[in-house]
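> Dropping a prediction and its sequence here:
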Amino acid sequence: MQIYLDTANLEEIHEGFTLGVVDGITTNPSLIKRERDRLAAKGEPVEMKDVLNDILETAGPEHPVSLEVIGTTYADFVREGKILYDTFNGVAGNVVIKIPINPVIGESTQAQYDGLKAIHNFAKQDIPVNCTLIFTPEQALLAAKAGAKYLSPFAGRVDDYLRKTFTDNEFDKTDYYPGGGFPEEGVCYHDDGIVSGIDLVARIVHVMETHDIEVFDGSKPAVLAASLRNARQVREAAEVGADIATLPYPVIGELLVHHKTEEGMKGFVADVVPEYRKIFE
Ligand code: E4P
């Protein structure tokens, strides 16, 4: 499974690439806002073009970087995606345009098909698309057929929805929610049959494995498990066969922690004898 960093934070991105485990970057307008606020708080003038150039250059040609459109209609998506691609793909050739599966907000269903149409428009131009805000396997299937190279199910937000809707439990969004679902009297809470965020990822993986769908470059669409907020969720995303997991930087740290590792370190450090230490002097 590939690992992407889900951040626009330049320090995290620079640091992440020194680890040798980061394969790409995903951003969205909320992450860009967080980075703008962080830089502004340091009193630095924020030139977003420079920030994006730096992210793309740091990632380099081998590592895709998803940049999201900001509008809510087909015309917006096509215009903005083209601006993003034309302005930034020259930096390192790694731009992926992120488009929501369905931009409708509120009552009107006018723009319901606009995400798909825009995905297909870019796919026909061989421009890679990451389809975002996926909450059902059928949305993923349509995005794949329209030509999206990456499918982003939002696992953590499914778990948020289930625990908010069906339980009175206080929870933090980084808390683990069982991938197998949360059973009450033998029946799991579910959102139209989806019992957890990881269940959503698993079902999309299964659909992609069952049907032969190819995108413009001959590859199968990659299932990019998104909105992952804790280590165990990442383990489960890997177990169910996600092609990619995109993670907040601190979750990589969390993946490294085990109390027996720490205990082992304590023992080794305590057992260093002077004769052995001398070798390093
Ligand atoms: C992925 O592409 C999204 O940017 C992200 O994973 C959303 O995560 P959140 O639900 O924790 O905001």
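Sure, I can see it. Numbers count the residues shown, from 1 in each chain.

> going forward, measure contacts between C-alpha atoms and count neighbours the same way
Will do.

> contacting residues around the helix or strand hosting residue 233?
Element membership for residue 233 (DSSP states H and E) is helix 231-239. With CA atoms under 8 Å, 6 or more residues apart in numbering as the contact definition, helix 231-239 has outside contacts at 1, 176-177, 179, 198, 201-202, 225, 228, 245, 251-252, 254-255.

> Tell me which residues touch the residue nearest to residue 142 when sequence neighbours are not counted, please.
Using CA to CA, 6 or more residues apart in numbering and skipping residues adjacent in sequence, the residue nearest residue 142 is residue 116, 7.4 Å away. Counting by CA under 8 Å, 6+ apart, residue 116 makes contact with 101-102, 142-143, 146.

> of the residues you listed, closest to the ligand?
Nearest to the ligand out of the contacts of residue 116 is residue 101 (CA to the nearest ligand atom; 12.3 Å).

> Give the buried residues for stretch 261-275.
By neighbour count on 16 or more other CA atoms under 10 Å, the buried set for stretch 261-275 is empty.

> Now do the strands in the stretch 1-150 of the chain.
With strands called from DSSP state E, counting those that start in this stretch, the stretch 1-150 of the chain shows them at 2-6, 24-26, 65-68, 95-100, 129-134, 150-153.

> Of these, which stretch is the most buried?
strand 150-153 (a mean of 28; mean count of other CA atoms under 10 Å).

> Quick check: the gap between the nearest residue to residue 144 once chain neighbours are set aside and the ligand.
Closest residue in space to residue 144, ignoring its immediate chain neighbours: residue 221 at 6.1 Å, by CA to CA, 6+ apart. Applying CA to the nearest ligand atom, to the nearest Å, the value for residue 221 to the ligand is 15 Å.

> For residue 221, give me its contacts.
Contacts of residue 221 (CA under 8 Å, 6+ apart): 144, 147-151, 208, 213-215.

> Nothing else from me, thank you.
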